[in-house]
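*Asks:* build me a model from this:
(one chain, ligands or ions: 1)
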Amino acid sequence: MLDLVISSGLAVLPSGPEPADLGVASGKIAAIGAPGSLAALGAGRVVDAAGQIVIPGGIDPHVHCRWPIVVPGTTQHQMTDGPARVSQAALHGGTTTLIDFALVGDGDNVQQAIERRQQEWAGDCHCDYAFHTMVQGKLAPELLPQLAEAVEAGHPSVKIFTTDITPSRKGRMVNFGDIWEVLKVLAQAGGIAAIHAEDNDIVMHMYEKLFREDRTGFENMAEVHNTLSEDLAFNRVIRLAANIEGAALYMMHTSAATGVAAIAAARANGVPIYGETLHQYLMYTAEDYKRPNGQIYHTYPSLKFQADHDALWAATDHGAIQTVATDEICCPLRIKLQGRRIDDTTGGNAGVEPRVSLIYTETVEKRGYGLSDFVGLVSANAAKIMGLYPKKGALAVGSDADIVVLDPRRRKTVHAAELHEADYTPWEDRDLAAWPSLTILRGKTVVDNGAFAGNLKDGQFLSRKVSEEVRARPAV
Ligand SMILES: [Zn+2]
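*Replies:* Numbering: from 1, shown residues only. This is a model prediction of the structure:
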């Protein structure tokens, strides 16, 4: 007997949306049938999803839990909220998988860094999770074979910065020689590079210039983390990758029309490159920095301008952008607002909870996107690019039963006080065209009509492998 049947919803299957019954057994999707057909067989529980949309659980490929934030004017750090809180919010909003980062610190070896992060998360996350390996600074040569081993052990994505981001964060940037070596290793071992690409010379030049001109307020952020910097850095990384057979790229938080154009041109040339943008880059521009508490819209690099906003949106429609992530930093408003300058404003955002509904509203409701395209942006594409598909990101027989029932009758106005994240949200008072009525993680009901039933023992670490197809050419 089936454990659970989600009956008669509009199921967004890999082949497209169609009314269907989904049957779940032992944590997996065990059967898919015509509406009513599986419900008629009986099950531990039958959920009537008529009039609702059934999607694979959301995947946020870019979050930072329990992450250090520098206290402005000091060398002290504050830690952001950990996976327990972030994952609870994620499940409420229909996201069942988070991909965070395992930082390889000075003197670390890669395996130790990943194991340390795994130990930190074990028993402290309500949903499933994985980590991008993050390297920074001058890379010791012995890290290269360790990265290859990590890829083979199920950790295929490596985060690299081409910039220190701000003058006070020196030590993040990896030089282009070392990036070249890492790309070669990843190409050989079956990995993918996840890049924070900004031109460090341009960014640091603009910091010096704006300090000299005494224009240090964060509302000037887009002059520092500017569109030219994105143009130069994206294209430089792309040229490196294009010269290495099998080098695949995932461009994190693409923020500008220049970045979109660079990815599009590379894809047209067959480079296996994928674009991520962030939901705040799709909703706001640098003008929003001037609003009260304008820092709440910011994450690095920066909000840009209307033309960039338009290019990013156009690119989500089968263009250069495949995923919409949050760059989650869950912290109180007090911390989000503590920096006011171009060099100390807190990056990241609370947003993992409303992301799926927000993107549904902006794509399906406002822009007429098909449901499959929406599911691609919030779940399926990240699963494919990051090596989780079809275990995750698909309503298919044999896939993990991570299932979200999204109710378009449940319209909602966003209020931070009703979410489970921070005491602020960048989307306060926005109208959402749907909200999950049910979130299922590997067959277990974890949120049922707003009632949370998750457990910190539920979350599992996910081993990943990126398909040859994704690494060979633009396959998503
Ligand atoms: Zn980030």
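
*Asks:* CA atoms for contacts and neighbours, from now on please.
*Replies:* Noted.

*Asks:* any idea how many residues pack against Arg411?
*Replies:* Number of residues near Arg411 (other CA atoms under 10 Å) recorded here: 14.

*Asks:* surely it meets Asp431?
*Replies:* Yes: contact criterion CA atoms under 8 Å: Arg411 and Asp431 qualify, at 7.2 Å.

*Asks:* the lowest-mean-pLDDT helix or strand in the chain packs against which elements?
*Replies:* None of the helices or strands of the chain scores lower by mean pLDDT, DSSP states H and E than strand 68-70, at a mean of 88. Judged by 3 or more CA pairs under 8 Å, 6 or more residues apart in numbering; DSSP states H and E, strand 68-70 is in contact with strand 77-79.

*Asks:* partner strands of the strand it packs on and their direction?
*Replies:* Paired neighbours of strand 77-79 in the sheet (DSSP bridges): strand 68-70 (antiparallel).

*Asks:* contacting residues around the strand it pairs with?
*Replies:* Gln76, His77, Gln78, Met79, Thr80, Asp344, Thr346 (CA atoms under 8 Å, 6 or more residues apart in numbering).

*Asks:* hmm, try it at 7 Å
*Replies:* Applying CA atoms under 7 Å, 6 or more residues apart in numbering, the contact partners of strand 68-70 are Gln76, His77, Gln78, Met79, Thr80.

*Asks:* now those: which count as buried?
*Replies:* Buried subset of the contacts of strand 68-70 (neighbour count, 16 or more other CA atoms under 10 Å): Thr80.

*Asks:* export the contacts of strand 68-70 to a markdown table and tack on pLDDT?
*Replies:* Formatted as a markdown table, the contacts of strand 68-70 follow (pLDDT from 0 to 100):
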| residue | pLDDT |
| --- | --- |
| Gln76 | 87 |
| His77 | 88 |
| Gln78 | 91 |
| Met79 | 94 |
| Thr80 | 95 |
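
*Asks:* hey, which strand is longest across the chain?
*Replies:* strand 2-13 (DSSP state E).

*Asks:* and that strand, average pLDDT?
*Replies:* In this model, strand 2-13 has an average pLDDT of 98.

*Asks:* how about it as CSV, C-alpha atoms only?
*Replies:* Taking C-alpha atoms only, strand 2-13 is exported to CSV below (Å, rounded to 0.1, in the frame of the first residue of the first chain):
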residue,chain,number,x,y,z
LEU,A,2,1.1,3.5,-0.7
ASP,A,3,2.0,5.7,2.3
LEU,A,4,0.6,8.9,0.7
VAL,A,5,-1.3,9.9,-2.4
ILE,A,6,-1.5,13.5,-3.5
SER,A,7,-4.6,13.3,-5.6
SER,A,8,-5.9,15.3,-8.6
GLY,A,9,-3.6,18.3,-8.4
LEU,A,10,-2.0,19.9,-11.4
ALA,A,11,1.3,18.2,-11.2
VAL,A,12,4.3,19.8,-12.8
LEU,A,13,6.0,16.6,-14.2
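
*Asks:* in its sheet, what does it sit against?
*Replies:* strand 16-25 (antiparallel), strand 43-48 (parallel), strand 53-56 (parallel).

*Asks:* how about the longest one as PDB, C-alpha atoms only?
*Replies:* Presented in PDB, the C-alpha positions along strand 16-25 are these (Å, rounded to 0.1, in the frame of the first residue of the first chain):
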ATOM      1  CA  GLY A  16       5.000  19.300 -18.300                       C
ATOM      2  CA  PRO A  17       2.000  20.100 -16.100                       C
ATOM      3  CA  GLU A  18      -0.900  17.600 -16.100                       C
ATOM      4  CA  PRO A  19      -3.600  16.600 -13.600                       C
ATOM      5  CA  ALA A  20      -2.300  13.500 -11.800                       C
ATOM      6  CA  ASP A  21      -2.200  11.500  -8.700                       C
ATOM      7  CA  LEU A  22       1.300  11.000  -7.100                       C
ATOM      8  CA  GLY A  23       1.800   8.000  -5.000                       C
ATOM      9  CA  VAL A  24       4.500   7.900  -2.300                       C
ATOM     10  CA  ALA A  25       6.100   4.800  -0.700                       C
END
